[in-house]
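Student: Kindly generate the corresponding structure for this input.
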Amino acid sequence: MVRLGALLLAAMSAGCAARERAALVAQPSALAQHAPEATAPPPPVKVPVQTIEQLDPQLNAALAALLAHPSAESYRHVAAQYARLRIFDVADKYLSTAIDADRHNASLYDARARVRRDAGLPAFGLGDAYRAWHFAPTAEAATTLGTLFEGLGQ
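Tutor: Prediction:
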């Protein structure tokens, strides 16, 4: 009987403790009452992003001409605009696409060799300079080859 009474007493006190914990959770603490209310962070400011293609009218016109009439020459013209803006990686990609369209065009190889030279990579332009010279041994091709060797310190 004593055991049953002790068990009953424990069960009743456990119930009281649970009610007290629930009451504490339901009541805000003194700190919470005095703390400023948390607000959600303000939404990020949306700044309109403009690209170089939108800002430069010559590049924009070259891209429009490329869309209207895609050709190796159109790709070369777009590449020349990117090179003028000193965006050499994109210029190189457009020249590579132009060369894929016209594999025997010496001026395309010469242009890509010059872009690589201007990007500070003259060694990567040598193959194109030799191809330009092969397809059209002109003074322009010789000049490009010479400036590549100069860039290499030779």
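
Student: make it CA atoms for all contacts and neighbour counts henceforth
Tutor: Will do.

Student: Run a quick neighbour tally on D89.
Tutor: Number of residues near D89 (other Cα atoms under 10 Å) recorded here: 15.

Student: got the contact list for E73?
Tutor: Shown in contact with E73 (Cα atoms under 8 Å, 6 or more residues apart in numbering): A98.

Student: Model confidence for it, exactly?
Tutor: Looking at E73, its pLDDT reads 96.

Student: Same question for P43.
Tutor: 83.

Student: mind listing the helices for the protein?
Tutor: Assigned by DSSP state H, the helices in the chain fall at 2-26, 30-34, 52-55, 57-68, 72-84, 88-101, 106-118, 122-135, 139-151.

Student: deepest of the ones you listed, which one?
Tutor: Highest mean neighbour count of the helices of the chain: helix 106-118, a mean of 25 (counted as mean count of other Cα atoms under 10 Å).

Student: which helices and strands does that one pack with?
Tutor: If contacts are counted by 3 or more Cα pairs under 8 Å, 6 or more residues apart in numbering; DSSP states H and E, helix 106-118 sits against helix 88-101, helix 122-135, helix 139-151.

Student: Let me see the residues that make contact with that helix.
Tutor: Residues contacting helix 106-118 (Cα under 8 Å, 6+ apart): 76, 83, 88, 91-92, 95-96, 98-99, 122-129, 131-136, 141, 144, 147-148, 151.

Student: re the thing from before, in CSV, list the helices and strands packed on helix 106-118 along with mean pLDDT and distance to E53.
Tutor: Listed next are the helices and strands packed on helix 106-118 as CSV, based on pLDDT from 0 to 100; distance: least, Cα to Cα, whole Å:
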stretch, mean pLDDT, distance to E53
helix 88-101, 97, 12
helix 122-135, 96, 26
helix 139-151, 95, 28
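
Student: Now those helices in TSV, please, with extra columns for distance to L55.
Tutor: Converted to TSV, these look like this (distance: least, Cα to Cα, whole Å):
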stretch	distance to L55
helix 88-101	16
helix 122-135	30
helix 139-151	31
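
Student: burial of P48, as a residue count?
Tutor: Neighbours of P48 (other Cα under 10 Å): 6.
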